[in-house]
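Chemist: sequence and predicted structure, then a few things I'm wondering about:
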Amino acid sequence: MSEVIRIDRLSFDYPDGQPALEHISLVIRQGETVGIIGPNGAGKSTLLLHLNGLLQGNGAVHVFGLPVKDKNFKIIRTKVGLVFQDPDDQLFSPTVFEDVAFGPMNMRLTEDEVRQRVSQALRWVGMTGYESRSSHHLSRGEKKRIAIATVLSMNPEILVLDEPTSDLDPRSKWALVDLLEELPMTKIITSHDLEIVRALCQRTILLDKGRVVADGSTDSILYDVPLLEAHSLAPPRRAQGMEFSNSRLMSSALTE
């Protein structure tokens, strides 16, 4: 698999001088679904914000061979779609259609192309028919889906999600997992929910205090109990009675 992201010795300090990332080096390859775990304050969200230039630290970040620098932001941000933890940070227009159309419109696509992008993105997330609804009046699970649609409408090659299932009830959570499983692009997912990481990710990276502590197959990390406990984490419960089909609870979750 070809590499799509390369990070070399990335460091970043908060404005007060507190280190957030220290000498991070990683390679993400095309088609991977990678989980990033760690305790609060480990640097997970800070790392994600470097992938499309929202933060810039010391070291090097390359996306498809392009350095993440000002001159490349426009093209990199079409390739790397970032979904924030709080969907209200991503939804600001009067209607769902306008929220999802915002990115394609700024790409100067034709009206027909914008409508096609919006229709396809809403179909992917199971939200066809919501075009005229107000995003702010939707349920938490619905908002999460629309936030993902705003990114998918840009046709990104890499989808980056920060705590995608936080604040969701179990029904909505597992429906969202089904959705993410179906999306074909490279995915990078941070989560405190290790059951979700185990369900979605083949590879897992453990961060703590801004450093990579472990990087390997998901099972090898999530069931290394001494490793997890040393970094204030607990292994996921084995999924008893939670092996659903890909259609599990999808339609009913839309109304949760």
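Modeler: Cool, got the structure.

Chemist: give me the low-pLDDT residue ranges for this structure?
Modeler: 238-256 (pLDDT under 70).

Chemist: element containing the residue most central in space within it?
Modeler: Among the residues of the chain, the one closest to the centroid is L161, at 1.0 Å (C-alpha atoms, centre = their mean). Using DSSP states H and E, L161 sits in strand 158-162.

Chemist: for the stretch 1-150 of the chain, what spans make up the helices?
Modeler: Applying DSSP state H, counting those that start in this stretch to the stretch 1-150 of the chain gives helices spanning 44-49, 73-79, 96-106, 111-124, 140-152.

Chemist: of these, which is nearest Q56?
Modeler: helix 44-49 (9.2 Å; C-beta to C-beta). Where C-beta positions appear, they are placed from N, C-alpha and C, glycine not excepted.

Chemist: may I see the buried residues of that closest one?
Modeler: Neighbour-count burial for helix 44-49 flags K44, S45, T46, L47, L48, L49 (criterion: 16 or more other C-beta atoms under 10 Å).

Chemist: could the residues you listed go into a markdown table alongside distance to G141?
Modeler: Shown next, in a markdown table, are those (distance: C-beta to C-beta, whole Å):
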| residue | distance to G141 |
| --- | --- |
| K44 | 22 |
| S45 | 21 |
| T46 | 26 |
| L47 | 26 |
| L48 | 21 |
| L49 | 24 |
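
Chemist: what residues are up against L26?
Modeler: For L26, the contact set (C-beta atoms under 8 Å, 6 or more residues apart in numbering) comprises I5, R6, I7, I205, V212, D215.

Chemist: partners of it in the sheet?
Modeler: I7 (DSSP bridges).

Chemist: from the contacts of L26, pick the one nearest I189.
Modeler: I205 (10.5 Å).

Chemist: what packs against the helix or strand containing that closest one?
Modeler: For I205, the host element (DSSP H and E) is strand 203-208. With contacts taken as 3 or more C-beta pairs under 8 Å, 6 or more residues apart in numbering; DSSP states H and E, strand 203-208 sits against strand 33-37, strand 211-217, helix 218-222.

Chemist: how about these, which one is nearest V63?
Modeler: strand 33-37 (14.4 Å).

Chemist: and that closest one, which strands flank it?
Modeler: Using DSSP bridges, the strands paired with strand 33-37 are strand 186-190 (parallel), strand 203-208 (parallel).

Chemist: which strands or helices does the helix or strand that the first one is followed by pack on?
Modeler: Read it as strand 186-190. As assigned by DSSP H and E, the chain's next helix or strand after strand 186-190 is helix 194-200. Here helix 194-200 touches strand 33-37, helix 170-182, strand 186-190, helix 218-222, going by 3+ C-beta pairs under 8 Å, 6+ apart.

Chemist: and the next helix or strand past the last one?
Modeler: Using DSSP H and E, the helix or strand that follows helix 218-222 towards the C-terminus is helix 225-230.

Chemist: buried residues, that next one. List them.
Modeler: L227, L228.

Chemist: quick one on the thing from earlier: so the residue nearest to the centre of the chain touches L183, yeah?
Modeler: No - counting by C-beta atoms under 8 Å, no contact exists between L161 and L183, whose distance comes to 10.0 Å.

Chemist: measure stretch 84-100 end to end?
Modeler: Counting by C-alpha to C-alpha, to the nearest Å, you get 15 Å between the two ends of stretch 84-100.

Chemist: next, the buried residues of it.
Modeler: F84, Q85, P87, Q90, L91, V96, F97, E98, D99, V100.

Chemist: try stretch 211-226
Modeler: R211, V212, V213, A214, D215, T218, I221, L222.
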